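> fold the following for me, if possible:
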Amino acid sequence: MSLVLQEFGISLAVKGLNPNALNPDFLKYGDVIPAEWELSRSPVYSNRVTQIIYKNGIQLVAQPNRIDFIEAINLKEPQAPQVAAVAERYLEKLPKLEYQGIGVNIRSHAPFPSQEAAHRFLTQQILRSGAWSESPEGSIQVAVQFSYPQTDGRLNLSINEAKLARPEGEDEFVILFSGSYARDLDTNAPDATLAGIRQVLQESQQILQKYLDTLSRFPLSAEADSMVSMPA
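Numbering: from 1, shown residues only. As a prediction, the model looks like this:
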């Protein structure tokens with residue numbers, strides 16, 4: 001059973017961030033994004049959210065006190081994420097903002113031939129099966145959470161069943177693996193906070209690999225080693 005990497009995101013906590021200050025001209029002419037990137041559609045502006053989406057699947061979403069850099073991947077062979085470099089250039093252009101933290105969010109899924117097969121994976125492979133995993137009233141919903149300590153942070157992993165709609169009309173039953181990596185930063189000194197955020201951004205590929213290595217321990221197939229890994 002192959003693992004499909006869907007999304008890689010960087011989330012920056014920024015005190016007092018004005019969402020409407022984010023716009024395509026600033027990103028393009030400020031060299032935050034490459035000049036050749038094209039918008040997928042017109043930006044979305046509201047009082048509390050600004051969303052800018054590009055044709056290559058990268059989007060920026062600004063909210064009060066937070067900005068997300070999200071990359072839609074949808075590949076079975078993951079590539080080095082581009083959004084970390086975009087986030088790093090954003091920091092370079094706006095170093096005076098009051099940055100407070102950073103998170104790395106990764107989402108992937110493993111397809112199953114049926115809803116029943118996906119359910120069995122959670123209730124019999126991840127959990128111990130028993131009377132608690134059954135109900136005479138119908139299929140129960142299962143979600144599992146893990147928190148893995150890292151030498152320099154923590155990786156939180158949520159696992160649950162889901163149904164993905166496909167353009168051809170047939171739904172696909174999957175198990176979703178949603179990972180969130182966090183690292184404690186020194187927020188008492190702005191320079192130290194910026195340095196810590198930059199370090200996480202520079203290590204984004206290694207963080208992705210740690211996430212994939214963690215998922216390779218799960219019994220998605222008899223050949224667990226066949227699960228995807230980052231190219232050297």
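> all contacts plus neighbour counts: C-alpha atoms, from now on.
OK.
> so what's Glu172 up against?
The contact partners of Glu172, by Cα atoms under 8 Å, 6 or more residues apart in numbering, come to 111-114, 163-166.
> show the buried residues in those residues.
111-112 (16 or more other Cα atoms under 10 Å).
> which one of the contacts of Glu172 is nearest to Leu12?
Leu164 (28.2 Å; Cα to Cα).
> next, the residue of the chain most remote from its centre: secondary structure please.
Among the C-alpha atoms of the chain, the one farthest from their average position, using Cα atoms, centre = their mean, is that of Pro136, at 36.1 Å. Using DSSP: H, G, I helix; E, B strand; the rest coil, the three-state assignment for Pro136 comes out as coil.
> do the same with Asn20
In three-state terms, and counting by three-state DSSP, Asn20 is helix.
> in this structure it contacts Gln51, no?
No - if you go by Cα atoms under 8 Å, Asn20 and Gln51 don't touch, sitting 9.5 Å apart.
> quick one: which of those two has more around it?
The residue with more neighbours, out of Asn20 and Gln51 and counting by other Cα atoms under 10 Å, is Gln51; that gives 20 against 17.
> pLDDT at that one, what is it?
Model confidence at Gln51, given as pLDDT, is 98.
> quick one: terminal-to-terminal distance for stretch 101-120?
38 Å (Cα to Cα, to the nearest Å).
> tell me what Ser108 is bridged to.
Taking DSSP bridges, one finds Leu5, Phe177 as the beta-bridge partners of Ser108.
> I figured it hits Ser2, correct?
No - at 10.5 Å, Ser108 and Ser2 do not qualify as touching, with contact defined as Cα under 8 Å.
> more neighbours: those two, which one.
Higher neighbour count among Ser108 and Ser2: Ser108, with 23 against 17, using other Cα under 10 Å.
> what ranges does the chain have for its helices?
Counting by DSSP state H, the chain has helices at residues 24-29, 83-93, 115-120, 190-202, 204-215.
> how about the fourth one, which residues are buried there?
It refers to helix 190-202. By neighbour count, with 16+ other Cα under 10 Å as the criterion, the buried positions of helix 190-202 are 190, 193-194, 196-198, 200-201.
> could you do the second one as well?
By neighbour count, and taking 16+ other Cα under 10 Å as the criterion, the buried residues in helix 83-93 are 83-91.
> can you name the two of those that are farthest apart?
Taking Cα to Cα, the two most distant members of the buried residues of helix 83-93 are Val83 and Leu91; they sit 12.4 Å apart.
> run a quick neighbour tally on His119.
A count of nearby residues for His119, using other Cα under 10 Å, gives 23.
> how much space between it and Leu157?
With distances taken as Cα to Cα, His119 is found 18 Å from Leu157.
> nearest to Tyr99, out of the helices of the chain?
In this view, the helices of the chain are compared for proximity to Tyr99 by Cα to Cα, and helix 190-202 is the closest at 7.0 Å.
> could I get the contacts of Glu172 as a markdown table with pLDDT?
As requested, the contacts of Glu172 are exported to a markdown table (pLDDT from 0 to 100):
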| residue | pLDDT |
| --- | --- |
| Pro111 | 90 |
| Phe112 | 90 |
| Pro113 | 89 |
| Ser114 | 88 |
| Lys163 | 88 |
| Leu164 | 85 |
| Ala165 | 82 |
| Arg166 | 77 |
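> what is the burial count for the nearest residue to Phe8 once chain neighbours are set aside?
Nearest-residue entry for Phe8: Ile106, 4.6 Å, with adjacent residues in sequence omitted and distances by Cα to Cα, 6 or more residues apart in numbering. Ile106 has 23 neighbours, counted by other Cα under 10 Å.
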